[in-house]
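J.: Mind looking at a prediction? Sequence and model below.
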Amino acid sequence: MSEQPPAVLRRKVAQRMQYYLKKNFRPNSLAYRLLSDYPTRPGKGIRPAFCLAAAASVGGDYNNAVNTGAAIELLHNAFLIKDDIVDQSLYRRGDLTLNRKYGLALAANAGDAVKILSMSPMIDNLSVIGVRKSLQIILEIQDMARRSIEGQIMELTYVRNNRVDLKPKDYYAICENKTCWYTVITPCRTGIIIGSDYATPEQLDTITRFALNLGLAFQITDDTLNLTSTQKVYGKEINGDILEGKRTLMLIHLLNSCTDQERRKIRRILKTQRESKTDVDITYVRELMEKYSCLEYARRTAERLALKAKEILLHECDWMTEKRWKQFFLNQTDYLITRKR
């Protein structure tokens, strides 16, 4: 069998999500339109792809991971709906956010419904991978959800308290919980569990360290694209992180590099409500980021983390017996820090 491109893995999971959406909601109903909106928008689909590829990398059948990939992707879309409400975001994957299209009440209910729907494929895992592995998967995904919520609360608290004294380690702590676990770590861990007869603690520890470094590199790259891409390519609002006051690595580097006078003005801008921030405010922050080479710093950091992830994969993952799938992860590591969207 030749190596399967990410598109094939994404399509398998997309079809599975459609199965559960149509099974539970009439295709011509408002509920179906609401719940299927984000899952059917074009996205990278890296989470389910990593899950299926991880299962195949240890000699397993990646079709056995489709339910788990669907569960993770449904949870991801539920998180996106809630994030867009909290952040008052305008665009997601090239279209208006659900809250802008249908209002806050319907969007909030849709997010809850998608979250609940993610339980269905986990229940159906029982007949595919058995009780033991199914329970392991549920525990992994439960831990992932807990960590994601913890990371989100941490980030929102920093914004609410208008913190300007943060260090890179504070950013990494947010990303580890909010991004790394549900973007890379849990998809990889669950895939290894599904594909192996018995995944060892050593295997899970190694894949976790690989995925942590890749997840951090992924998020840093995403944050740089929020400043440098275009809305058409990126699919989201450019400069949205500054409008929302998010403590990105670039902003933290800026706050630790600028003068006291500049820091006071940045703090005032960050404190200003999103709708009251002006183009002049955004330009001021952007120009200071250029002055202090914040984007270059972030890109170098992402490259260093990606290199560390590849070294772990190359030197510590000999138990990945299917070399073409190890190459898949190496290729995706390169892609995730060089992508344009």
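T.: Structure received.

J.: Name the nearest residue to Thr186, sequence neighbours excluded.
T.: Nearest non-adjacent residue to Thr186, counting by CB to CB, 6 or more residues apart in numbering: Met144, 4.0 Å away. Where you see a C-beta, it was placed from the backbone N, CA and C, and this is true even at glycine.

J.: mind listing what the one you found touches?
T.: Shown in contact with Met144 (CB atoms under 8 Å, 6 or more residues apart in numbering): Ile72, Leu75, Trp181, Tyr182, Ile185, Thr186.

J.: can you pull the pLDDT of it?
T.: Among the per-residue scores, Met144 shows a pLDDT of 95.

J.: Distance-wise, check it relative to Pro187.
T.: Distance, Met144 to Pro187, by CB to CB, to the nearest Å: 9 Å.

J.: go on, Ile149?
T.: Distance, Ile149 to Pro187, using CB to CB: 18 Å.

J.: more crowded one of those two?
T.: Taking other CB atoms under 10 Å, Ile149 and Pro187 do not tie; Pro187 has more neighbours (32 against 14).

J.: Using the three-state scheme, assign that one.
T.: Taken by DSSP: H, G, I helix; E, B strand; the rest coil, the conformation at Pro187 corresponds to helix.

J.: Lys340 too?
T.: coil.

J.: and it, how far is that from Leu225?
T.: With distances taken as CB to CB, Lys340 is found 7 Å from Leu225.

J.: Please apply the same query to Arg93.
T.: Taking CB to CB as the measure, Arg93 and Leu225 are separated by 13 Å.

J.: what's the answer for Arg100, then?
T.: Distance from Arg100 to Leu225, by CB to CB: 21 Å.

J.: list the buried ones in the helix or strand harbouring Ala70?
T.: Assigned by DSSP states H and E, Ala70 belongs to helix 66-87. Neighbour-count burial for helix 66-87 flags 66-85, 87 (criterion: 16 or more other CB atoms under 10 Å).

J.: Can you spell out which helices and strands pack onto that helix?
T.: Secondary-structure packing of helix 66-87 (3 or more CB pairs under 8 Å, 6 or more residues apart in numbering; DSSP states H and E): helix 6-24, helix 30-40, helix 46-57, helix 98-102, helix 104-117, helix 119-124, helix 126-160, helix 186-195.

J.: from the middle of its chain, how far away would the last one be?
T.: When distances are taken as CA atoms, centre = their mean, to the nearest Å, helix 186-195 is centred 16 Å away from the chain's centroid.

J.: counting contacts, what elements does it pack onto?
T.: By 3+ CB pairs under 8 Å, 6+ apart, helix 186-195 packs against helix 46-57, helix 66-87, helix 126-160, helix 201-228.

J.: For the lowest-mean-pLDDT helix or strand in the chain, list the C-alpha coordinates in CSV.
T.: Sorting the helices and strands of the chain by mean pLDDT, DSSP states H and E puts helix 231-234 at the bottom, at a mean of 72. C-alpha atoms of helix 231-234 as CSV (Å, rounded to 0.1, in the frame of the first residue of the first chain):
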residue,chain,number,x,y,z
GLN,A,231,-7.8,37.0,5.2
LYS,A,232,-8.5,35.2,2.0
VAL,A,233,-5.6,32.8,2.5
TYR,A,234,-5.7,32.5,6.3
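
J.: can you list the residues that contact stretch 315-333?
T.: With contact meaning CB under 8 Å, 6+ apart, stretch 315-333 is reached by 2-3, 6, 46, 49-50, 53-54, 56-59, 203, 206-207, 210, 214, 217, 306, 309-310, 313-314.

J.: before we move on, what about stretch 200-212?
T.: With contact meaning CB under 8 Å, 6+ apart, stretch 200-212 is reached by 50, 54, 58, 176, 180, 184-185, 187-189, 192-193, 196, 309, 312-313, 316-317, 319, 329.

J.: ChimeraX command to pick out the buried ones of those?
T.: Selection of buried members from the contacts of stretch 200-212 for ChimeraX, criterion 16+ other CB under 10 Å:
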select :50,54,58,176,180,184,185,187,188,189,192,193,196,309,312,313,316,317,319,329
